[in-house]
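>>> Sharing a model prediction with you, sequence too.
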Amino acid sequence: MNYILFDGASRNALLPFTFTRPVADIRIGILTIREKWEKHLGYTTSTVTEDYLSEKFPMVELEENIMINASFLPSKELVSKITALQPNQAIFYKEEPIAFFVKEDEEVDFDSYEILQYDQDVFTVKYTWDIFSKNEQAINDDFRLLTDGRESQPIPESNNVIASESIFIEEGATLEFAILNASNGPIYIGKDAEIMEGSIIRGPFALCDHATIKMGAKIYGGTTVGPYSKVGGEVTNSVIFGYSNKGHDGYLGNSVLGEWCNLGADTNTSNLKNNYAPVRLWSYETEGFAKTGLQFCGLMMGDHSKCGINTMFNTGTVVGVNANIFGGGFPRNFIPSYSWGGSGGFTTYLTKKAFEVARVVMSRREIAFTKQEEEILEHVFEETKTWRKSYDS
């Protein structure tokens, strides 16, 4: 069977992260949503996404296919229902399709389908704040999935450890003179990752392949550090997709960073309002501030965005793609893509300059900034012009 992950109705509510990737390639827990489905299904998947992303993330359609809504995360029960689907059958959760069987070039009309209602609990990623607020559960689920029946590398004796049975170290990882407390949730240390001396880590925590925790870092539960990222200072309940750096002191809490982001030294995020009120967060879908229902919510930062030293982000700040933020004071709590500036005001960050930086940053990790990547980011520049209109007036 051929499995295809589609973006679904939540795609716009997951911007700015879905400006540059399908919903399936959001990281939550240890793995991306796509990686979770592929582990459960035992098959590779392809994608139905926005046209401008489809060259990088193509759809592969065969004679018979099962389409899966990528905002739903897999479980054993759900996977068993999906793999049993027959022609003209669809699985719905309330009014939303989870998965359906479709033949090549077939028009989908759910009125002609047999609808199978799924009435068990589901794990969904519908909004940007779900990525960090549900990350503890996702780490726990992925930890069981990845470590079942496997044996961890030994924990070096120089480390102080609580609940060693809930710590898993992949081959090539290095850690010395750290404090690891897995009594409240598992700690996963990926292949060739490094935890430098003096670090204090409390689970649930995921350090993905080739990522680094720098000396003396303080990491609280519900945190994921994605592949090739570097993190120092204090972090709580945050998700870093990959290839991003928060290398120095400063606080990051209840936040999500995309790929190729960099936070300057002593950058701090506020994750709690002074009046303790629930946080509202900018919604690209409604072009207004949405109720999160959360008391704690920090920074949502899209791919390739960066900030200078001592940057202060207000509670519930959304930063788009390829923004460059610097200077004193608190910048606004919605910063559109391709913005250049800070609390004193912004101008448009032209693509020529932004792409020069991207080439240098990516080449440091021996990854090419391709024409394909450039065209995606050009599209994002054009698509987000409406929110930069004031810069040119």
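Everything's here; your move. Numbers count the residues shown, from 1 in each chain.
>>> Look up phi and psi at Thr174.
Per-residue torsions, Thr174: phi -130, psi 140 (degrees, to the nearest 10).
>>> tell me which residues form a beta bridge with it?
Using DSSP bridges, the bridge partners assigned to Thr174 are Glu194.
>>> show me what contacts it?
Going by CB atoms under 8 Å, 6 or more residues apart in numbering, Thr174 touches Ala193, Glu194, Ile195. To be clear about C-beta, it is placed using only N, CA and C from the backbone, and glycine gets the same treatment.
>>> now do Val108
Here Val108 is in contact with Phe100, Val102 (CB under 8 Å, 6+ apart).
>>> Just to be sure, it is in a strand?
No: according to DSSP: H, G, I helix; E, B strand; the rest coil, Val108 belongs to no strand; its state is coil.
>>> Can you show me the strands along the stretch 251-393 of the chain?
Along the stretch 251-393 of the chain, counting by DSSP state E, counting those that start in this stretch, strands occupy 251-253, 256-259, 262-263, 268-269, 280-283, 288-291, 299-301, 306-307, 312-313, 317-319, 324-325, 334-335, 339-342, 345-348.
>>> Mean neighbour count, those strands: which tops it?
Most buried of the strands of the stretch 251-393 of the chain by mean neighbour count (mean count of other CB atoms under 10 Å) is strand 299-301; its value is a mean of 30.
>>> related to what we said a few turns ago, in JSON lines: the strands of the stretch 251-393 of the chain, plus mean pLDDT and distance to Val231.
Converted to JSON lines, the strands of the stretch 251-393 of the chain look like this (pLDDT from 0 to 100; distance: least, CB to CB, whole Å):
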{"stretch": "strand 251-253", "mean pLDDT": "98", "distance to Val231": "8"}
{"stretch": "strand 256-259", "mean pLDDT": "98", "distance to Val231": "10"}
{"stretch": "strand 262-263", "mean pLDDT": "98", "distance to Val231": "9"}
{"stretch": "strand 268-269", "mean pLDDT": "97", "distance to Val231": "13"}
{"stretch": "strand 280-283", "mean pLDDT": "95", "distance to Val231": "23"}
{"stretch": "strand 288-291", "mean pLDDT": "94", "distance to Val231": "28"}
{"stretch": "strand 299-301", "mean pLDDT": "98", "distance to Val231": "14"}
{"stretch": "strand 306-307", "mean pLDDT": "98", "distance to Val231": "15"}
{"stretch": "strand 312-313", "mean pLDDT": "97", "distance to Val231": "16"}
{"stretch": "strand 317-319", "mean pLDDT": "98", "distance to Val231": "18"}
{"stretch": "strand 324-325", "mean pLDDT": "98", "distance to Val231": "19"}
{"stretch": "strand 334-335", "mean pLDDT": "97", "distance to Val231": "22"}
{"stretch": "strand 339-342", "mean pLDDT": "97", "distance to Val231": "23"}
{"stretch": "strand 345-348", "mean pLDDT": "96", "distance to Val231": "27"}
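>>> In CSV: the ones you listed, plus distance to Ala70.
As requested, these are exported to CSV (distance: least, CB to CB, whole Å):
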stretch, distance to Ala70
strand 251-253, 26
strand 256-259, 17
strand 262-263, 28
strand 268-269, 28
strand 280-283, 19
strand 288-291, 21
strand 299-301, 19
strand 306-307, 28
strand 312-313, 28
strand 317-319, 21
strand 324-325, 30
strand 334-335, 26
strand 339-342, 29
strand 345-348, 32
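>>> Retrieve the pLDDT associated with Asp392.
pLDDT recorded at Asp392 is 68.
>>> typed the wrong thing, it's Gln137
98.
>>> Show me what counts as buried in stretch 115-131.
Judged by neighbour count using 16 or more other CB atoms under 10 Å, the buried positions of stretch 115-131 are Leu116, Tyr118, Val122, Phe123, Thr124, Val125, Lys126, Tyr127, Thr128, Trp129, Asp130, Ile131.
>>> for the third one, what are its contacts?
It stands for Val122. Under the criterion of CB under 8 Å, 6+ apart, the neighbours of Val122 are Phe72, Leu73, Ser75, Leu78, Tyr93, Ile98.
>>> Against Ile325, how distant is the fifth one?
By that I understand Tyr93. Distance of Tyr93 to Ile325, computed by CB to CB, to the nearest Å: 39 Å.
>>> Which parts of the stretch 1-150 of the chain are helices?
Listed in chain order, the helices of the stretch 1-150 of the chain (DSSP state H, counting those that start in this stretch) span 33-41, 76-83, 128-133, 135-147.
>>> Please name whichever of the ones you listed is nearest to Glu375.
helix 33-41 (21.8 Å; CB to CB).
>>> quick one on the thing from earlier: ok, the buried residues of stretch 115-131 vs Asp209, which is closest?
Ile131 (19.4 Å).
>>> you'd agree the closest one is up against Gly29?
No: distance between Ile131 and Gly29: 9.8 Å, which falls outside the contact criterion (CB atoms under 8 Å).
>>> ends of stretch 147-155, how far apart?
End-to-end distance for stretch 147-155: 15 Å, by CA to CA, to the nearest Å.
>>> I misspoke; the intended subject was stretch 156-169.
End-to-end distance of stretch 156-169 (CA to CA): 10 Å.
>>> do stretch 278-289 as well
OK, stretch 278-289 end separation, CA to CA: 12 Å.
>>> cool, stretch 27-42 as well?
Taking CA to CA, the first and last residues of stretch 27-42 lie 19 Å apart.
>>> Stretch 273-290 too?
Chord length of stretch 273-290, first to last residue, is 15 Å (CA to CA).
>>> now that stretch, how far from the chain's geometric center?
Counting by CA atoms, centre = their mean, to the nearest Å, stretch 273-290 is centred 19 Å from the centre of its parent chain.
>>> Can you list the neighbours in contact with that stretch?
Stretch 273-290 has contacts (CB under 8 Å, 6+ apart) with 12-13, 15-16, 127-129, 291-297, 300, 315-316, 318, 333-334.
>>> same thing with stretch 358-371?
For stretch 358-371, contacts defined as CB under 8 Å, 6+ apart pick out Tyr228, Tyr243, Trp260, Asn262, His304, Asn322, Phe355, Glu373, Leu377.
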